[in-house]
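Undergrad: show me the folded form of this:
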Amino acid sequence: MLFDLIFGSRAAAARACSLCCAVLAWPAAPAFAAPPALPLFDAHLHYSHDAWDQLPPARAAALLREAGLKAALVSSSSDEGTQQLYAAAPDIVLPALRPYRQRGELGTWMHDPSVIPYLEDRLRRFRYVAIGEFHAYGDQADTPVMRRVVQLAREHGLYLHAHGDADAVERQFRQDPQARILWAHAGFDTPERVAQMLRRHPNLWCDLAFRSDHASDGKVDPAWRAVFLAFPDRFLVGTDTFTPERWHYVVPHAQFSRAWLADLPADVAEQIAWRNGERLFGAMRAALQR
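TA: Numbers count the residues shown, from 1 in each chain. Have a look, this model is predicted:
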């Protein structure tokens, strides 16, 4: 039942489980022979209430710097975590507004009208570059709450950081054909299906958070290599610190990312590593810092 809520279907849950196992099996950092100087734009981090209780903002910010991150897209449950981390590292953190006020709302938020005044209040009080990461599968993306989220993103010029299946992404684009969507975890979908979605939607980008099927031992999977070479401007790396323990992976994940990126042509590696993030969010980042 829990995986159904998180991943939307048993099949998606099974794929995600296999990916999780692969992530947990990553080799230790010294096994990677990666160029340490390559900066990274981490497009998927959370700093939720249980994380800030265990990891103070100053220490979390230090980990981001230790990982060599040029920037990081951060959201949290509740938004207070994002604001704390942004205050600690305004030169790195790009705030995203998550609809969840606490853990446990992942599978219910899209049916809860009280989410909307919460989001509207935060948008009045603070500045963001995206709404999300939020979970919605299939027709969950068509609820009145979800529709208003798409409207709010359009009204405020924000990206949508969407965790869901291809059906949910399609529904969001039908609501707003000009929406800009960052597809969390590339939908936990196959490289072939991801390529199909990217061909169809020029305003769709993918983060690769919490999956390692695209590379192992510093080598890129052939099917994913074809997609990366075809769409070098549409992918971003990400760690996904969805539990406090995942913060231990921030630095090793950066090393893992540099290792497999080194197996790609240098210009493609740089785009996925940080240039795509800078191109998408650079102007918004500059506005935040003014």
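Undergrad: buried ones in stretch 92-108?
TA: 92-101, 105-107 (16 or more other C-beta atoms under 10 Å). C-beta coordinates here come from the backbone N, C-alpha and C atoms, glycine included.
Undergrad: switch those residues over to TSV; also include secondary structure.
TA: Formatted as TSV, the buried residues of stretch 92-108 follow (DSSP: H, G, I helix; E, B strand; the rest coil):
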residue	secondary structure
I92	coil
V93	strand
L94	strand
P95	strand
A96	strand
L97	strand
R98	coil
P99	coil
Y100	coil
R101	coil
E105	coil
L106	coil
G107	coil
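Undergrad: ok, which stretches of the stretch 151-290 of the chain are helices?
TA: In the stretch 151-290 of the chain, the helices defined using DSSP state H, counting those that start in this stretch lie at 166-175, 191-200, 222-230, 250-261, 266-270, 276-289.
Undergrad: who touches the third one?
TA: Contact partners of helix 222-230, identified using C-beta atoms under 8 Å, 6 or more residues apart in numbering, comprise 190-192, 194-195, 198, 213-215, 220, 235, 264-265, 268, 272.
Undergrad: ok so, going back, nearest to G277 among the buried residues of stretch 92-108?
TA: Checking the buried residues of stretch 92-108 against G277 by C-beta to C-beta gives L94 as the nearest, at 8.6 Å.
Undergrad: what bridges to the closest one?
TA: Bridge pairing for L94 (DSSP bridges) gives the partners L73.
Undergrad: list the contacts of the residue nearest the centre of the chain.
TA: Central residue of the chain (C-alpha atoms, centre = their mean): H44, 3.1 Å from the mean position. Neighbour list for H44: L73, E133, H161, A184, H185, D207, A209, F210, G238, T239, D240 [criterion: C-beta under 8 Å, 6+ apart].
Undergrad: could you report the neighbour count for the fifth one?
TA: By other C-beta atoms under 10 Å, the residues close to H185 number 21.
Undergrad: now mean pLDDT and mean neighbour count too, for the helices of the stretch 151-290 of the chain, in JSON lines please.
TA: Shown next, in JSON lines, are the helices of the stretch 151-290 of the chain (pLDDT from 0 to 100; neighbours: other C-beta atoms under 10 Å):
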{"stretch": "helix 166-175", "mean pLDDT": "98", "mean neighbour count": "19"}
{"stretch": "helix 191-200", "mean pLDDT": "98", "mean neighbour count": "16"}
{"stretch": "helix 222-230", "mean pLDDT": "98", "mean neighbour count": "16"}
{"stretch": "helix 250-261", "mean pLDDT": "97", "mean neighbour count": "23"}
{"stretch": "helix 266-270", "mean pLDDT": "98", "mean neighbour count": "15"}
{"stretch": "helix 276-289", "mean pLDDT": "94", "mean neighbour count": "16"}
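Undergrad: put together TSV for the ones you listed, with distance to E80 on each row.
TA: As requested, these are exported to TSV (distance: least, C-beta to C-beta, whole Å):
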stretch	distance to E80
helix 166-175	27
helix 191-200	34
helix 222-230	36
helix 250-261	20
helix 266-270	34
helix 276-289	18
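Undergrad: closest to P56 out of those?
TA: helix 250-261 (14.7 Å).
Undergrad: for that closest one, packing partners?
TA: strand 40-46, helix 57-66, strand 215-216 (3 or more C-beta pairs under 8 Å, 6 or more residues apart in numbering; DSSP states H and E).
Undergrad: packing partners of the shortest one?
TA: Which is strand 215-216. helix 250-261.
Undergrad: next: the longest one.
TA: With contacts defined as 3+ C-beta pairs under 8 Å, 6+ apart, the secondary structure elements packing on helix 57-66 are helix 79-88, helix 250-261.
Undergrad: just how off-centre is the longest one within its chain?
TA: So the one you mean is helix 250-261. Helix 250-261 sits 16 Å away from the centroid of its parent chain (C-alpha atoms, centre = their mean, to the nearest Å).
Undergrad: now do the shortest one
TA: Centroid displacement of helix 79-88 relative to its chain, using C-alpha atoms, centre = their mean, is 17 Å.
Undergrad: what residues of it count as buried?
TA: In helix 79-88, counting by 16+ other C-beta under 10 Å, buried: D79, G81, T82, Q83, Q84, L85, Y86, A88.
Undergrad: for these, which one is nearest Y118?
TA: Nearest member of those to Y118, counting by C-beta to C-beta, is D79, at 8.6 Å.
Undergrad: end to end, how far does stretch 246-255 reach?
TA: One end of stretch 246-255 sits 15 Å from the other (C-alpha to C-alpha, to the nearest Å).
Undergrad: alpha carbons of stretch 60-75, in PDB - could you do that?
TA: What follows is stretch 60-75, C-alpha atoms only, in PDB (Å, rounded to 0.1, in the frame of the first residue of the first chain):
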ATOM      1  CA  ALA A  60      23.900  20.800   5.700                       C
ATOM      2  CA  ALA A  61      25.200  23.800   3.900                       C
ATOM      3  CA  ALA A  62      28.800  22.500   4.600                       C
ATOM      4  CA  LEU A  63      27.900  19.200   3.000                       C
ATOM      5  CA  LEU A  64      26.600  20.900  -0.200                       C
ATOM      6  CA  ARG A  65      29.900  22.800  -0.400                       C
ATOM      7  CA  GLU A  66      31.900  19.600   0.300                       C
ATOM      8  CA  ALA A  67      30.100  17.900  -2.600                       C
ATOM      9  CA  GLY A  68      31.200  20.700  -4.900                       C
ATOM     10  CA  LEU A  69      27.700  21.800  -5.800                       C
ATOM     11  CA  LYS A  70      27.300  24.900  -7.900                       C
ATOM     12  CA  ALA A  71      23.600  25.000  -7.000                       C
ATOM     13  CA  ALA A  72      20.900  22.900  -5.500                       C
ATOM     14  CA  LEU A  73      17.100  22.800  -5.900                       C
ATOM     15  CA  VAL A  74      15.700  22.300  -2.400                       C
ATOM     16  CA  SER A  75      12.200  21.700  -1.100                       C
END
